[in-house]
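Chemist: got a structure for you, letters missing:
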Ligand SMILES: Cc1cc2nc3c(=O)[nH]c(=O)nc-3n(C[C@H](O)[C@H](O)[C@H](O)COP(=O)(O)O)c2cc1C
Ligand code: SF4
Ligand code: SF4
Ligand code: FES
């Protein structure tokens, strides 16, 4: 355990724990667009920036991203220093210029008092904020089906060669975690389409509702040693079945007791 | 033959040296990047062909060498006759027979091929006496232009691998690190970090595996120092790496070579094989129990891949994107193991320091910036090429004494150092000593050693626009301040160039620049605004002229200029020939006329006019 100061208050943290996790524990509000507990920190949006210093630094300060910076003894952190606020405001302003139609960005910018960008609007700016959550989550799932391609201002998220990704299982982890709902998919008539790839959906043997893709189910069967039958019923019907069974057991118990 | 101990290497050196001395007269053909581009290979082939059926007393075809870059690329193809150093410039294949007959056989000099500094007939015979070479101090480039490209026998004859023998037979790792620390050697790749300290940190970390990586990415457009060393003297790099590996306790090394350098890859690979064959690399080096292997890793073709964390990802086969270095790569680098990453030039300097000692090295350069630094001197100077000078040499000395001043004696305007994210320094900074600290303080940086000289026909706003444009494309695009910030800075600079900006925009640019610097993840973003900030600092008047007067004083920014032909026109028709839209008409000897409606303001006429009669307003 180490002692550090955040906004004037001495707090404890695990040695090496990232500052953002300590800040969140203290219920201090710091924006963090590219952060997700489930995946490795990335440091791309730079919104979680904080000012740090130490007694022995003689007034010298540094600006670091709290999602990556490790806590250590004696660290003095200011999450809302003037320069930090300024930088965050500039970042949301830059975001707004790039993604002028993105509701999440418009809302965030408004929180910082930015209602229209001071910079040149990127006319064809889409809603992908390049946070990299989708690609990291996809990697984490073990599929590596999508990645960022290109660099500089033209960087984008895409399957290899802009073609239907061979390694995609249609698990939807990317789309469901995209903060701006940029990744499109559609499910209809027994099929799911994402990244221009069409998947057969399994149907619940109980209620007939469509569940997950067959490819994803097969993957889970193989990787996690789950019997395939498990996926032939939806969660809800499974729960119902379970409740019915439990009811039966209780009634046996009651019978036995009487 | 595998050398079993340092003594055998000493014996071998004597043998190779004797072989070298058998023919004191040598013909050296520069086959560096510059001379190859101007046709050196054909010259060399011609030499071989002519010499094949000639017998010359005291000379053999063995004494014909294809060397690495000799430096004075602007005068290439170069042919040098040793031992006296006769220096032939702009050699053509038709000169070859004459050189063989006159200079090689008879020992006479061909005046016509000698270097003429002022083009006034005065000629200089030996390269040692030419200003371009006289003011240089060569350590990292010492062997270039002297030995055949990647020839281990010649390298050994000149004392190569003796530093390795010395450390293996008589130095402890800590002693090596102390020597390098004591020498004050700072990394030549850009940041100027103390090499000794980096090695010491790496050695101290508990780990079974440590890596040594040589950074040969050299992404700065126009720079070719590292390329020249990799192609022309690869063994110096290998020797430096083995010494580094021995010092930090590493058994695996990588050389990361830029994609665009296929010859460097070939020569380094050849050198690795040669060194392995002799037991100077690989298992049980020089019979000791120390083993070290080197593999070549080819770059991914992006500027940002030269950045340490991106480079290590690229070596590991991942996307070359930088990561936050709150835990430094010397602690957690390639495959999360402690890793020493050094630049080509840094590593090529190491054997010399071990051989000659830290005290010798410290005497060169300044107190905090010891030794020498190589630069590729390009742009509007007379003498362009590859140079190496003692740290602390002034910009004036480099540009005027070595570079020979500005082409056509035009006024000097600025010198850009540090590559695309370096800064531009004005005339008032010409007496600045060139070293890591002074350059940074002046708002530029050392970078890996690009140096571009600009004359009065250069618009500094346009220069800033150009470099920002490069960086917008080369940013990896991961973090917002760099990806979006540089994009907006570029857009704002374009506004200035087009006369659409206001003074408030200048303030905005300054503020955004500072935020990109503190907000960006890696060195690219952190230094990206340099070209803008340095030109805004030193050439503010020029920005204001664009903004207030809608005028580009250098006559470059298209939206703000018109070209006109004045009555100095001699009617030479040179401009007519280059005008792509046929906007200029006129007869030979008569004043030409420019039709503004057809003019696209490309500036081609302005560039070719020798009589100052195309004017910009
Ligand atoms: C954007 C960027 C590009 C870089 N490119 C190079 C390069 O091409 N060659 C190089 O040696 N160092 C380059 N560097 C510096 C390296 O990150 C690193 O500091 C250096 O290789 C360490 O070696 P040294 O200490 O011997 O200089 C670059 C840094 C940045 C931020
Ligand atoms: S698609 Fe969504 S999750 Fe993926 S990088 Fe873009 S904004 Fe982030
Ligand atoms: S500063 Fe630029 S190059 Fe570096 S990580 Fe950020 S976007 Fe990539
Ligand atoms: S959350 Fe830390 S940089 Fe995005």
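Modeler: Sure, I can see it. Please read these numbers as outputs of a predicted model, since none were measured by experiment. Numbering: from 1, shown residues only, chains lettered A, B, ... in the order given. Ligands and ions are numbered 1, 2, ... in the order given.
Chemist: At which residues are the strands of chain A located?
Modeler: For chain A, strands defined by DSSP state E occupy the ranges A:2-6, A:9-13, A:49-53, A:62-65, A:76-78, A:147-149, A:156-158, A:185-188, A:191-194, A:197-203, A:210-213.
Chemist: of those, which approaches residue B:144 most closely?
Modeler: strand A:147-149 (39.1 Å; Cβ to Cβ). For the C-beta atoms, the positions are set from N, CA and C on the backbone; glycine is no exception.
Chemist: what's the domain layout of chain B?
Modeler: As given by automatic domain parsing, the domain ranges for chain B are B:25-82+B:86-125, B:152-362, B:372-458, B:461-548, B:562-616.
Chemist: Distance to residue B:134, mean pLDDT and mean neighbour count for those - can I get that in a markdown table?
Modeler: Shown next, in a markdown table, are those (distance: least, Cβ to Cβ, whole Å; pLDDT from 0 to 100; neighbours: other Cβ atoms under 10 Å in any protein chain shown):
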| stretch | distance to residue B:134 | mean pLDDT | mean neighbour count |
| --- | --- | --- | --- |
| domain B:25-82+B:86-125 | 10 | 92 | 18 |
| domain B:152-362 | 20 | 95 | 22 |
| domain B:372-458 | 8 | 95 | 22 |
| domain B:461-548 | 30 | 97 | 22 |
| domain B:562-616 | 31 | 91 | 15 |
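Chemist: of those domains, which approaches ligand 4 most closely?
Modeler: Between ligand 4 and these, the tightest spacing by Cβ to the nearest ligand atom is seen for domain B:461-548, at 7.4 Å.
Chemist: show me what contacts residue 10?
Modeler: Because you didn't say which chain, this covers chain A. Counting by Cβ atoms under 8 Å, 6 or more residues apart in numbering or on different chains, residue A:10 touches A:3-4.
Chemist: other chain: chain B
Modeler: B:162, B:165.
Chemist: Can you classify it by secondary structure?
Modeler: Applying DSSP: H, G, I helix; E, B strand; the rest coil to residue B:10 yields a three-state assignment of helix.
Chemist: Report the secondary structure state of residue B:615.
Modeler: Under three-state DSSP, residue B:615 comes out as strand.
Chemist: picking up where we left off before, nearest to residue B:349, out of the strands of chain A?
Modeler: strand A:62-65 (31.4 Å).
Chemist: Can you list the buried residues in the closest one?
Modeler: By neighbour count on 16 or more other Cβ atoms under 10 Å in any protein chain shown, the buried set for strand A:62-65 is A:63-65.
Chemist: is it up against ligand 3 anywhere?
Modeler: No - using Cβ under 6 Å from any ligand atom, strand A:62-65 stays clear of ligand 3, with a minimum separation of 11.0 Å.
Chemist: Direction included, what does that strand pair up with?
Modeler: Strand A:62-65 has its sheet partners listed here by DSSP bridges as strand A:49-53 (antiparallel).
Chemist: Switch the domains of chain B over to CSV; also include distance to residue A:86.
Modeler: Listed next are the domains of chain B as CSV, based on distance: least, Cβ to Cβ, whole Å:
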stretch, distance to residue A:86
domain B:25-82+B:86-125, 46
domain B:152-362, 21
domain B:372-458, 22
domain B:461-548, 7
domain B:562-616, 40
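Chemist: for these, which one sits closest to chain A?
Modeler: Nearest to chain A among the domains of chain B is domain B:461-548; the distance by Cβ to the nearest Cβ comes to 3.3 Å.
Chemist: what's the offset of the closest one from the middle of its chain?
Modeler: 25 Å (Cα atoms, centre = their mean, to the nearest Å).
Chemist: For it, measure first residue to last.
Modeler: Domain B:461-548 has an end-to-end distance of 14 Å (criterion: Cα to Cα, to the nearest Å).
Chemist: what about residue 23, how many neighbours?
Modeler: Unless you meant another one, I'm taking chain A. 24 (other Cβ atoms under 10 Å in any protein chain shown).
Chemist: try again with chain B
Modeler: Around residue B:23 there are 17 residues (other Cβ under 10 Å).
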